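Undergrad: Here is a sequence with its predicted model. Questions after.
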Amino acid sequence: MSVSFKSLAAALLLGGSAMVMAANDGQTRANELLSADPQYRETWQDVVEKEERLPDWVMNLSGDAEQMTAVEEDGDQFLVGPLCESQAKCLNNRLIVAVSFDKKHAYAMLVEVPAGLPADKSPTRHATYRFLGKPDQGMQEMLMEQLKKDPNWY
């Protein structure tokens, strides 16, 4: 009896960090990543340091954010979520952020739509997309899929 209890206890201890990460999935927001963990901050700095003409809110991951969710891409787990310059400008200035669970990789897609676009014009047809972190094709598609989940994106 005690052997199975010890095995169970060991399994729980070893799996504990993974379970904590899973429990945190819906709790994290992109605008909290840099202050939450120095490793995220270092990884994000590697992504943006060689990029030109990025707005401060993108460089600092500041602005209005929704909860991030766990997404699998090519066998790897990522926390993915949107970040907007502000709630009022979300349609015009948005970033979809993806960071790996191991905190070693980060990618993003900056989506910009011209201000003053008439309501009857589709934002998808007028948007510009800029990928950060050199995402491969699969990651680019995953970032686009996250954007399409927004009911206001058509």
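TA: Happy to help now that I have it. Residues are numbered from 1 along each chain as shown.
Undergrad: Roughly how far does the most centrally placed residue in the chain sit from Glu66?
TA: In the chain, the residue lying closest to the centroid (C-alpha atoms, centre = their mean) is Val97, at 2.6 Å. Taken as C-beta to C-beta, to the nearest Å, the spacing of Val97 relative to Glu66 amounts to 11 Å. Yep, even glycine has a C-beta here, placed from its N, CA and C like the rest.
Undergrad: Find residues that contact each of the two.
TA: Shared contacts of Val97 and Glu66 (C-beta atoms under 8 Å, 6 or more residues apart in numbering): Gly81, Pro82.
Undergrad: Low-confidence bits of the chain, can you list those?
TA: Within the chain, the segments meeting pLDDT under 70 span 1-26.
Undergrad: which residues of it fall in helices?
TA: If DSSP state H is used as the criterion, the helices of the chain fall at 2-24, 33-36, 38-48, 56-59, 123-126, 137-148.
Undergrad: Pretty sure the residue nearest to the centre of the chain sits against Leu110.
TA: No. The pair Val97 / Leu110 is not scored as a contact, 10.0 Å apart, by C-beta atoms under 8 Å.
Undergrad: now the nearest residue to Thr128 once chain neighbours are set aside: how far from Arg94?
TA: Counting by C-beta to C-beta, 6 or more residues apart in numbering, Glu112 is the residue found nearest to Thr128 once chain neighbours are left out, at 5.0 Å. Between Glu112 and Arg94 the distance is 8 Å, computed by C-beta to C-beta.
Undergrad: the more surrounded of the two?
TA: Ranked by neighbour count (other C-beta atoms under 10 Å), Glu112 and Arg94 place Arg94 first, with 23 against 17.
Undergrad: who touches that one in this structure?
TA: Pro82, Leu83, Cys84, Glu85, Leu110, Val111, Glu112, Leu147 are the contacts of Arg94 under C-beta under 8 Å, 6+ apart.
Undergrad: how about 6 Å then?
TA: Contacts here follow C-beta atoms under 6 Å, 6 or more residues apart in numbering; on that basis Arg94 touches Pro82, Cys84, Val111.
Undergrad: likewise Phe131?
TA: By C-beta under 6 Å, 6+ apart, the residues touching Phe131 are Met109, Gln140.
Undergrad: on that earlier part again, so which of the contacts of Arg94 comes closest to Arg125?
TA: Distance to Arg125 across the contacts of Arg94 (C-beta to C-beta) is lowest for Val111, with 12.7 Å.
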